[in-house]
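K.L.:
what shape does this take:
(chains A and B)
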Amino acid sequence: MLAATTQENAMRVLVIEDDTEMASFIEKVLVEAGHSVDKAADGQRGLEKARSEDFDAMVVDRMLPEKDGLTLLREFRDAGGTTPALFLSALGDVQNKVQGLKAGAEDYLAKPFAPAELAARVEALGRRTPVQEAPVTVLKAGDLEMNLLTRKVTRAGQKIDLQPREFRLLEFLMRHAGQVVTRTMLLEKVWDYNFDPQTNVIDVHVSRLRAKIDKDFEEPLLHTVRGAGYRLQG
Amino acid sequence: MKIAVPSFLRTTTFRLALLYSAMFAAFSAALLIYLYYSTVYYIRTEADRRMDLEFEQLGNAYFIGGMERLSQSVLERMTRNGSTFYYYLEDSSGRKIVGHFPRMPAWDPELDVQTVYFDFEQPEPDGTVILRPAAGRIVRLRDNGGALLVAFDTEQQTAIVGRIQRAIFIAAPIGLALSLLGGLLISRGAARRADELARTAEAVMGGELGRRVPVRGSGDEFDRLGQRINAMLDQIEKLVESTRHTGNAIAHDLRSPLSRLRNRLEIALSEPMSKESAEATLEETVQEVDRVLGTFNAILRLARLEAGAEGERVRMDISELAEELAELFEPACDEQAQSFRSQISRNITVLGDRDLIGQALANLLDNAVKYTPKGGSISLTVARGPDGTVDLTVVDSGPGVPEEARGRVVQRFQRMDSARTQPGSGLGLALVDSVAELHGGKLILADGNGPPDAPGLKATLRLPRA
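P.N.:
Alright, predicted model coming up:
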């Protein structure tokens, strides 16, 4: 059911969560997605681990014994820690989310969550670092090319006309090529909405985009991942 | 050792009354003392002034005509009607020349000028003699050795001062008593209002949530306090009502999906199943749980919203948000073969929370998409409304909502029976209503433009413009 991630995307993830059942569940989800997981059951030990070892990403619960998640991350960032972090919390308000992001998290996911959502978001975290290092002007996925400066999109040299929103949607998918992106991620990152429009509006937009990039070609690039979201083939 | 004090003496009321009368008493005392001394001073200086005048005139007579003229002058004054002064003139050997008294009162012959106080005998018409107090001045005559006394009866002065003193002694206790009484009355009024507040609080504590503080309409501080407290009680009542409603809603709307879930798992346990059908059952179960969680989140969100705990107000371009949502929903309508039209006035701003208003507008559009049949039409209009408002209107060509049901559909979990088959938590319009209220606006439901059998719904979210 989950997208099997290729070995090259495998990450070392630190999970800081005090609820052992939840921690095991997160571990299972991430291991199934091909990552290796290290766990810490309280904030203090979590912070020590994050500082002493090298992880590709960390998943942090907000309410932790010893040291709460916000403080932990703030201290970690203040000390120069750069490991991308995802907050996981039962506090799902927009305000809580903003607090989490201000404390230095890259992403925020409210409990309860779908396993695919967690897997997709953790995977998206892993890709952050290289993107920030060198500004890219041309994105590529298979024979699909997007020039961010001229805003020209071609597939196998053939020009594709996109609406502005379709362009942003495709850009996001291409930046996360090979990864699963969920509907919620698209809503948050492409539309900048923190609310749920309920109707399957995202699906309709994606299928329109698909019609434009896949219609005249043999091999489809934009896949629907059942129960999770979409993946643009890298 | 503690002294048992009657309870009313410990009230703020009593202390206020006490303070009030103490202040009144101090003020009155100061006023009376001033009055007393200024009167006495006036009487004294007035007497001195008249005495000076008397001596000046008599001195003139002595200067012009010597002893002879002086004694004549004194005699004239003694016989003049209405004179308030008494005189006594003696020669250098101490012999009386003329005067009211048989002899000079005790005095010191060494001094040129002196003030004397003495009593003199005054015969009454009935033959008795009474002693009267007098004050006077004795001046030794220059070049002659004689002496002149001018005196006046001090009883009149004493009587005036005495009358003032009496007045003070009578007025002070009466004033004190009155001030104490006034203070008590005024503070008793305040105490009664405070008691009303206390009684209301007790009634509310006792579960009578509908009880309110009586407001008299005088606009005084107690009225204002009462109004504030009543507003607070309104809010509390609303919250309690909302909590109760949330509880009921959870019980009502979550029980049935949870029961379904339980049944499904029960059946899965009791029957031998193929791997495929087990997987299918589990998948359905997960979906059911997700729905339950979704409903649960919606209930919580609505409860927080109604408690006013959510939302951050910023100035935002509502036209832009509407444009975006139109763009977001348009393909979905297209997919359902519904025609979608939007007409959005530009640059209208409101003070609000983008996510909440976005969610509200999305809910209206979502409803329209769900209830409009294939081939129907949906429109989104953003235009300036009356009295500085903006109207976000979504019109569909669905079945509409009959007028008598409109009040109900904005309440939580109230979905029309015909809508039961559609997915959704039944909280959509309730959330729109709550968001509207939170922003000082309202949700207005009306018939759409369709024929009477399927009028469609015209839902207007009216918000104050910024």
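K.L.:
how would you label the residue in the stretch 301-450 of chain B positioned nearest to chain A: helix, strand or coil?
P.N.:
Closest to chain A within the stretch 301-450 of chain B is B:Q359: 3.7 Å, counting by C-beta to the nearest C-beta. The C-beta positions use only the backbone N, C-alpha and C, and glycine is treated the same way. At B:Q359 the chain is in helix, as set by DSSP: H, G, I helix; E, B strand; the rest coil.
K.L.:
quick one: mean pLDDT over stretch B:390-403.
P.N.:
Mean pLDDT, computed over stretch B:390-403, is 89.
K.L.:
now that stretch: how far from the chain's centre is it?
P.N.:
45 Å (C-alpha atoms, centre = their mean, to the nearest Å).
K.L.:
ok, now how distant is the residue of the stretch 301-450 of chain B closest to chain A from B:D366?
P.N.:
10 Å (C-beta to C-beta, to the nearest Å).
K.L.:
where along chain A do the helices fall?
P.N.:
Remark: helices assigned in chain A by DSSP state H are A:20-32, A:43-52, A:69-78, A:94-102, A:115-126, A:128-133, A:164-175, A:183-189, A:201-214.
K.L.:
okay, the angle between the longest one and helix A:164-175?
P.N.:
Helix A:201-214 runs at 80 degrees relative to helix A:164-175, counting by axes from the mean of the first three to the mean of the last three C-alpha atoms, to 10 degrees.
K.L.:
next up, the contacts around the residue of the stretch 301-450 of chain B closest to chain A.
P.N.:
A:195-196, B:431, B:435 (C-beta atoms under 8 Å, 6 or more residues apart in numbering or on different chains).
K.L.:
by neighbours, which of the residues you listed wins?
P.N.:
With neighbours taken as other C-beta atoms under 10 Å in any protein chain shown, the top of these is B:V435, carrying 27 neighbours.
K.L.:
report the contact partners of that one.
P.N.:
Contacts of B:V435 by C-beta under 8 Å, 6+ apart are B:305, B:356-357, B:359-360, B:461.
K.L.:
B:T381 looks like it's in a strand, true?
P.N.:
Yes: under three-state DSSP, B:T381 sits within a strand.
K.L.:
next, count neighbours for it.
P.N.:
With other C-beta under 10 Å as criterion, B:T381 counts 17.
K.L.:
which residue, other than its chain neighbours, is closest to it?
P.N.:
Closest residue in space to B:T381, ignoring its immediate chain neighbours: B:T393 at 4.5 Å, by C-beta to C-beta, 6 or more residues apart in numbering or on different chains.
K.L.:
got the residues of chain A near chain B?
P.N.:
Counting by C-beta under 8 Å from any C-beta of the partner chain, the residues of chain A close to chain B are A:92-95, A:112, A:114, A:165, A:191, A:193-201, A:204-205, A:208, A:227.
K.L.:
any residue of the helix or strand harbouring B:D290 up close to chain A?
P.N.:
Taking DSSP states H and E as the definition, B:D290 sits inside helix B:275-306. Yes: residues of helix B:275-306 contacting chain A under C-beta under 8 Å from any C-beta: B:283, B:290, B:293, B:297, B:304.
K.L.:
which residues touch A:P164?
P.N.:
With C-beta under 8 Å, 6+ apart, A:P164 has no contacts at all.
K.L.:
again, but for A:A177
P.N.:
Applying C-beta under 8 Å, 6+ apart, the residues near A:A177 are A:139, A:141, A:232-234.
K.L.:
now swap in B:D366 and tell me
P.N.:
A:197-199, B:424, B:428 are the contacts of B:D366 under C-beta under 8 Å, 6+ apart.
K.L.:
let's see that with 7 Å instead.
P.N.:
Contact analysis of B:D366 by C-beta atoms under 7 Å, 6 or more residues apart in numbering or on different chains lists A:197-199, B:428.
K.L.:
between these, which is nearest B:S83?
P.N.:
The closest of those to B:S83 turns out to be B:G428 (C-beta to C-beta; 108.6 Å).
K.L.:
show me the contacts for that closest one.
P.N.:
Residues in contact with B:G428 (C-beta under 7 Å, 6+ apart) are B:363, B:366-367.
K.L.:
low-confidence stretches in chain B?
P.N.:
Along chain B, segments meeting pLDDT under 70 span B:1-11, B:13, B:246, B:249-250, B:252-253, B:306-311, B:411-426.
K.L.:
hey, where'd the helices end up in it?
P.N.:
Secondary structure of chain B (DSSP H): helices located at B:12-79, B:155-205, B:221-249, B:255-270, B:275-306, B:318-335, B:354-371, B:406-409, B:428-438.
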